[in-house]
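Chemist: structure of the sequence below:
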Amino acid sequence: MFISSAYANASAAAASPDWTSFLPLVVIFVLFWFMLIRPQMKQAKQHRTMVAALQKGDEVTVAGGIVGKITKVGDDFVDVEIAPEISIHVQKHSVQALLPKGTIKAL
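Modeler: Next comes the predicted model:
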């Protein structure tokens with residue numbers, strides 16, 4: 001009795017969405033690109049170039065945390081000497097880091 005009925009404004013429902021309603025989505029995508037996607041692509045490119053440049057005698061760290069010296073380089077695999085006369089055969093892309101010369105002796 002004391003409360004009047006509320007009706008929706010018909011003109012507001014018929015209004016078409018403009019480009020400003022998509023602006024937050026665009027801003028979020030740009031932030032994701034510069035903070036997540038782009039650095040990850042840059043790191044992957046650096047890893048690919050490092051793996052392509054592997055050569056005999058390089059000291060490396062393998063994905064499992066194993067440190068050793070490369071004794072043989074193949075197309076997809078490398079042999080890593082982890083102790084005198086003990087060598088393991090690992091995939092090239094599992095090499096995580098190229099260490100400075102003399103790192104193994106310092107350990």
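Chemist: can we go C-alpha only for contacts and neighbour counts from here?
Modeler: OK.
Chemist: next SSE after the helix or strand that F29 is a member of?
Modeler: Using DSSP states H and E, F29 falls within helix 23-32. Scanning forward in sequence from helix 23-32 by DSSP H and E, the next helix or strand is helix 38-52.
Chemist: show me how far that next one is from its chain's centre.
Modeler: 8 Å (C-alpha atoms, centre = their mean, to the nearest Å).
Chemist: list the buried ones in that helix?
Modeler: H47, V51 (16 or more other C-alpha atoms under 10 Å).
Chemist: rewinding a little: using CSV, write out every CA atom in the helix holding F29.
Modeler: The C-alpha coordinates for helix 23-32 follow below in CSV (Å, rounded to 0.1, in the frame of the first residue of the first chain):
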residue,chain,number,x,y,z
LEU,A,23,38.4,-2.2,-22.3
PRO,A,24,39.0,-4.2,-19.0
LEU,A,25,39.3,-7.5,-21.0
VAL,A,26,41.8,-5.9,-23.3
VAL,A,27,43.8,-4.5,-20.4
ILE,A,28,43.9,-7.9,-18.7
PHE,A,29,45.1,-9.6,-21.9
VAL,A,30,47.8,-7.0,-22.4
LEU,A,31,49.0,-7.5,-18.8
PHE,A,32,49.0,-11.3,-19.2
